[in-house]
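**Student:** quick one: sequence and predicted model below, then my questions.
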Amino acid sequence: MHDLPTHLWYSITSFGGAGLTLPLAIAIALWLALGYTWRMAAAWLVLLGAAIGVVTLTKLAFLGWGVGVRELDFTGLSGHAALSTAVYPVALFLLLLPARPAFRLGGVALGLVVGITVSFSRVVIDAHSPSEAITGCIVGAVTALMFVRWSWDAAPGRLSTVPVAVSLMMLTVGLHGVHLPTQRWVTHIALKVSGHERPFIRARWKASHNNRANAAPLSQTQNTLSAPVLPNERTERNV
């Protein structure tokens, strides 16, 4: 599986982008409100908002203050992993809500497989470390499973499966590959809140650990942490 062409891995990772998953999440909320209850729609948005908040806070902590775990190469949860493992299981659950429990359970499992595949792709294309992809995947999966558990016994709604399926499929096809500059937005917020002129960068952040081990002066370490990104450095990638 790891030997798939690079362009295919980039295509897979695009299924976790905010430009696709956020519109899908909003569409899910609208269908829940129209076909079931506004409480279900609100619960879904609150849970997803909490997951996005956790992802954002970890990224702000690193970009603004250098808070991370060097031993795990962790600089913040993967947003692609969290969003994909949250949205796709719930989308399939919504489609299969009128069906028998076994089909609903199968749909949720398939959605989780999609999210896990997207999470794995983030590691393959060197966009995130394994720890970041795994933790993002866990947060997204917990979000989806909490909503599914809460909504499992929902009364049959007024929705026909066909329009829901068509609308979600059209969004998926139409918005696949659409990019939102989420990392730029988070970086801008981190700098505003922290008061720093430059964000912390993974490579220099890891290198600073070696500098301290070699008893480098504090001023030198600080300069290393806040130095600008060089063109040939791997930067922290999209949410």
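**Tutor:** Thanks, I have the structure now. As the structure is a prediction and not an experimental result, all values here were calculated from the model.
**Student:** so Thr58 makes contact with Gly79?
**Tutor:** No: using CB atoms under 8 Å, Thr58 is not in contact with Gly79, being 9.7 Å away. For glycine as for every other residue, the C-beta is placed from the backbone atoms N, C-alpha and C.
**Student:** more crowded one of the two?
**Tutor:** Set Thr58 next to Gly79 and count neighbours by other CB atoms under 10 Å: Gly79 wins out with 30 against 22.
**Student:** could you check the pLDDT of that one?
**Tutor:** Looking at Gly79, its pLDDT is 97.
**Student:** now Pro5
**Tutor:** On the pLDDT scale, Pro5 is placed at 88.
**Student:** so who does it touch?
**Tutor:** For Pro5, no contacting residues are found, by CB atoms under 8 Å, 6 or more residues apart in numbering.
**Student:** quick check: mean pLDDT of the helix or strand where Ala207 lies?
**Tutor:** Ala207 is part of helix 202-213, with elements assigned from DSSP states H and E. For helix 202-213, mean pLDDT is 70.
**Student:** can you check stretch 147-159 too?
**Tutor:** For stretch 147-159, mean pLDDT is 87.
**Student:** swap in stretch 182-197?
**Tutor:** Stretch 182-197 comes out at a mean pLDDT of 95.
**Student:** list the buried ones in it?
**Tutor:** Neighbour counts over stretch 182-197 (16 or more other CB atoms under 10 Å) mark Thr182, Gln183, Val186, Thr187, Ala190, Leu191, Ser194, His196 as buried.
**Student:** elements contacting the host helix or strand of the second one?
**Tutor:** Pointing back at Gln183 there. Under the criterion of DSSP H and E, Gln183 resides in helix 182-194. The contact analysis (3 or more CB pairs under 8 Å, 6 or more residues apart in numbering; DSSP states H and E) places helix 182-194 against helix 38-65.
**Student:** got the angle between the helix it packs on and helix 182-194?
**Tutor:** Computed by axes from the mean of the first three to the mean of the last three CA atoms, to 10 degrees, the angle separating helix 38-65 from helix 182-194 equals 70 degrees.
**Student:** after helix 38-65 comes which helix or strand?
**Tutor:** As assigned by DSSP H and E, the chain's next helix or strand after helix 38-65 is helix 79-95.
**Student:** what packs against that following helix?
**Tutor:** Using 3+ CB pairs under 8 Å, 6+ apart as the test, helix 79-95 ends up in contact with helix 18-35, helix 38-65, helix 101-124, helix 130-151, helix 161-175.
**Student:** tell me which residues of the second one come out buried.
**Tutor:** Neighbour-count burial for helix 38-65 flags 40-41, 43-45, 47-48, 51-52, 54-56, 58-64 (criterion: 16+ other CB under 10 Å).
**Student:** how far off helix 130-151 does that helix point, in degrees?
**Tutor:** Using the same axes, to 10 degrees, the inter-axis angle of helix 38-65 relative to helix 130-151 is 160 degrees.
**Student:** run the chain-centre distance for helix 38-65.
**Tutor:** How far helix 38-65 lies from its chain's middle: 10 Å, per CA atoms, centre = their mean, to the nearest Å.
**Student:** who are the contact partners of the nearest residue to Ala81 once chain neighbours are set aside?
**Tutor:** With sequence-adjacent residues excluded and distances taken as CB to CB, 6 or more residues apart in numbering, Ala81 is closest to Gly136, at 3.2 Å. When contacts are counted by CB under 8 Å, 6+ apart, Gly136 touches Val55, Leu77, Ser78, Gly79, His80, Ala81, Ala82, Thr85, Ser119, Arg122, His128.
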